[in-house]
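heads up, no residue letters with this:
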């Protein structure tokens, strides 16, 4: 997974959008993926995080604030 460059993060800092992180979490509670989301408000971020919860559950965070956890649509992650 490629991380954003410093310039990309600097652009985010000047943007009116808020930065969120959606962590994909397996059944064992381990983080198996991360997605950066740029949204106008929590409701937009929640909609996007729900859409990511296919195989793995998703935890949504704004900086160090936990927003919500969304359970996976399917249970096919095999515990990985």
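Looks like it came in fine. Since the structure is predicted, the reported quantities are computational estimates derived from the model, not experimental observations. Residues are numbered from 1 along each chain as shown.

can you give me the strands in this structure?
Secondary structure of the chain (DSSP state E): strands at 18-25, 31-39, 57-62, 65-70.

hey, which helix is longest across this protein?
Longest helix in the chain, counting residues (DSSP state H): helix 42-52.

now that one against strand 31-39, angle please.
Put simply, helix 42-52 runs at 140 degrees to strand 31-39, going by axes from the mean of the first three to the mean of the last three C-alpha atoms, to 10 degrees.

nearest residue to the middle of this structure?
residue 22 (0.9 Å; C-alpha atoms, centre = their mean).

I'd assumed residue 51 was in contact with it.
No - using C-beta atoms under 8 Å, residue 22 is not in contact with residue 51; the gap is 9.5 Å. Bear in mind the C-beta positions are built from the backbone N, C-alpha and C, glycine included.

and residue 26, how many neighbours does it have?
Look at residue 26: counted by other C-beta atoms under 10 Å, it has 17 neighbours.

how much space between it and residue 50?
According to C-beta to C-beta, to the nearest Å, residue 26 stands 18 Å off from residue 50.

how about residue 39?
Residue 39 is 13 Å from residue 50, by C-beta to C-beta.

could you tell me which residues touch both of these two?
The contact sets of residue 39 and residue 50 do not overlap (C-beta atoms under 8 Å, 6 or more residues apart in numbering).

go through the longest helix of the chain and flag the buried ones.
45, 46, 48, 49, 52 (16 or more other C-beta atoms under 10 Å).

how about the contacts made by residue 25?
Per C-beta under 8 Å, 6+ apart, neighbours of residue 25: 31, 32, 56, 57, 58, 59, 69.

what bridges to it?
residue 31, residue 57 (DSSP bridges).

could you number the chain from 52 rather than 1 from now on?
In the new numbering, first residue 52, that becomes residue 76.

and the closest residue to residue 93 other than its chain neighbours, what does it touch?
Leaving aside its sequence neighbours, residue 93 sits nearest to residue 118 (C-beta to C-beta, 6 or more residues apart in numbering; 6.2 Å). Residue 118 makes contacts with 71, 93, 96, 97, 100, 111, 112, as judged by C-beta under 8 Å, 6+ apart.
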